[in-house]
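Asker: Okay, here's the prediction I keep looking at, along with the sequence it came from:
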Amino acid sequence: MKKPVRIAVTGAAGAISSSLLFRVAAGEMFGTDQPVILQLIEMPQAMEQLRGLAMELEDCALPLLHTIRIFDNPEAGFKNAHYAILIGARPRTAGMERIDLLTANAEIFERQGKALSANAARDVKVLVVGNPANTNALIASRNAPDLSPTQFTALTRLDHNRTKGIVANHLGVNAEEVRKVIIWGNHSSTQYPDLHQSKIFGEALVGPQLDDKFYQENLIPRIQNRGSEIINARGHSSAASAAQAIIDHMRDWSMGTAENELVSMAIVSDGSYGVEKGIFYSFPVRCRYGRYQIVTGLEINEFSKKMMKATEAELLEEKASVNHLLPKETEQSHYKLRICLRSGKFLAADGLLDSGDPVLETSRLL
Ligand code: NAX
């Protein structure tokens, strides 16, 4: 049996987490030979509800579930965590402006970034799910001076999976046949679901299989607004599909993407495809050895460029509105990227180092 891994989850008594935890404990995220320790974190007023959920987990008698611990604060909850899934966030309530939502969440993710930096395992992998996910990831990452920005990601896998599912249904094929879809940018209605790199049975999708006009005018808005469509239909936001996307994101990041496939992850921009550095933007990536790498060299047409710029502009706007909460001391590390190894040493791409940094150099940064 392998050594157990510690998985911290915030918002643990909420809807997404309630769909997620049983599957993680059953081995669906990291495999059926990987025991897990769940470190569940909630608001103090939701601890009783969390205790009930923990009892249900216990009652499943799952062989991979090594320990469950519950916490009412992130500092203790993130202690030695190898994985941190940040789901808990302040929801938008009636009369709340977008800026109020950003500010309320900024406080939560500032504290969580600091808590991760001070308490988590040095090679912790962080996934931010709570909205606005990209900017919350930026705030957490900028408040974690002792971790690398490449250890933080935000969830756009749900949008990625939605695109595959909707296209597969439209064309009457299995979702697995729809490969190489890309979500660019923000997890919001400005996201750009790009099908120009996708192929079905070896043939390009947009054009031969999918009418261009239908793709642009019908499919893109449908994917962009799928979250609202689900809320309108079922009266609650996506939970089970979000849990599936979290499992897919973490499994691929840790264990690698499938052959001949790419996935979408919101990560700190390194300037690829002309996207401004220092924001969390969803890119096409491949994962290996527990790290992600942006898929570069894809041909981007004029329509795509326009769509990618629009979602970038929204992220820059979000960043500007929380700029005063982003510590100056971590600004440079978000422009000169480096990754943290299991040993606690850093690895950096050539030519990006500040002199005197205790790092190893590489010509490639995964
Ligand atoms: P719920 O309201 O069911 O659960 C959220 C839980 O978080 C609550 O139990 C609450 O007590 C807890 N919480 C709030 N602040 C916390 C804090 N500071 N520390 C610890 N716990 C805290 O929401 P749920 O449906 O689970 O959704 C959670 C978040 O995911 C929302 O922000 C939602 O907008 C976001 N989503 C993001 C998605 C993505 O793809 N990135 C898709 C699904 C979802 O909409």
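Answerer: That came through, no problem.
Asker: Who are the contact partners of the closest residue to the ligand within the stretch 201-350 of the chain?
Answerer: Closest to the ligand within the stretch 201-350 of the chain is residue 242: 3.8 Å, counting by Cβ to the nearest ligand atom. C-betas here are computed from N, CA, C, even on glycine. For residue 242, the contacting residues are 16, 19, 129, 155, 158, by Cβ atoms under 8 Å, 6 or more residues apart in numbering.
Asker: Now the second one. Nearest residue, chain neighbours left out?
Answerer: It refers to residue 19. residue 243 (3.8 Å; Cβ to Cβ, 6 or more residues apart in numbering).
Asker: how far is the host helix or strand of the one you found from where the chain is centred?
Answerer: Assessed by DSSP states H and E, residue 243 sits inside helix 240-255. The chain centre lies 9 Å from the centre of helix 240-255; the measure is Cα atoms, centre = their mean, to the nearest Å.
Asker: Return the alpha-carbon coordinates of that helix using PDB.
Answerer: Only the C-alpha atoms of helix 240-255 are listed here, as PDB (Å, rounded to 0.1, in the frame of the first residue of the first chain):
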ATOM      1  CA  ALA A 240     -21.900  16.700  -9.600                       C
ATOM      2  CA  SER A 241     -20.400  17.800 -12.900                       C
ATOM      3  CA  ALA A 242     -18.200  20.200 -11.000                       C
ATOM      4  CA  ALA A 243     -17.000  17.400  -8.800                       C
ATOM      5  CA  GLN A 244     -16.300  15.300 -11.900                       C
ATOM      6  CA  ALA A 245     -14.200  18.200 -13.400                       C
ATOM      7  CA  ILE A 246     -12.300  18.500 -10.100                       C
ATOM      8  CA  ILE A 247     -11.400  14.800 -10.200                       C
ATOM      9  CA  ASP A 248     -10.300  15.000 -13.800                       C
ATOM     10  CA  HIS A 249      -8.200  18.200 -13.200                       C
ATOM     11  CA  MET A 250      -6.400  16.800 -10.200                       C
ATOM     12  CA  ARG A 251      -5.900  13.300 -11.700                       C
ATOM     13  CA  ASP A 252      -4.500  14.600 -14.900                       C
ATOM     14  CA  TRP A 253      -2.200  17.200 -13.200                       C
ATOM     15  CA  SER A 254      -0.800  14.500 -10.900                       C
ATOM     16  CA  MET A 255      -0.800  11.400 -13.100                       C
END
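Asker: In that helix, which residues are buried?
Answerer: Buried positions in helix 240-255, judged by neighbour count with 16 or more other Cβ atoms under 10 Å: 241-254.
Asker: likewise stretch 169-178?
Answerer: Buried-residue list, stretch 169-178, by 16+ other Cβ under 10 Å: 170, 178.
Asker: Go through the contacts of residue 242 and flag which are in strands.
Answerer: In strands, judged by DSSP state E, none of these are found.
Asker: from those, which ones fall inside helices?
Answerer: 16, 19, 158 (DSSP state H).
Asker: near the ligand, from these?
Answerer: Restricting the ones in helices among the contacts of residue 242 to those adjacent to the ligand (criterion: Cβ under 6 Å from any ligand atom) gives 16, 158.
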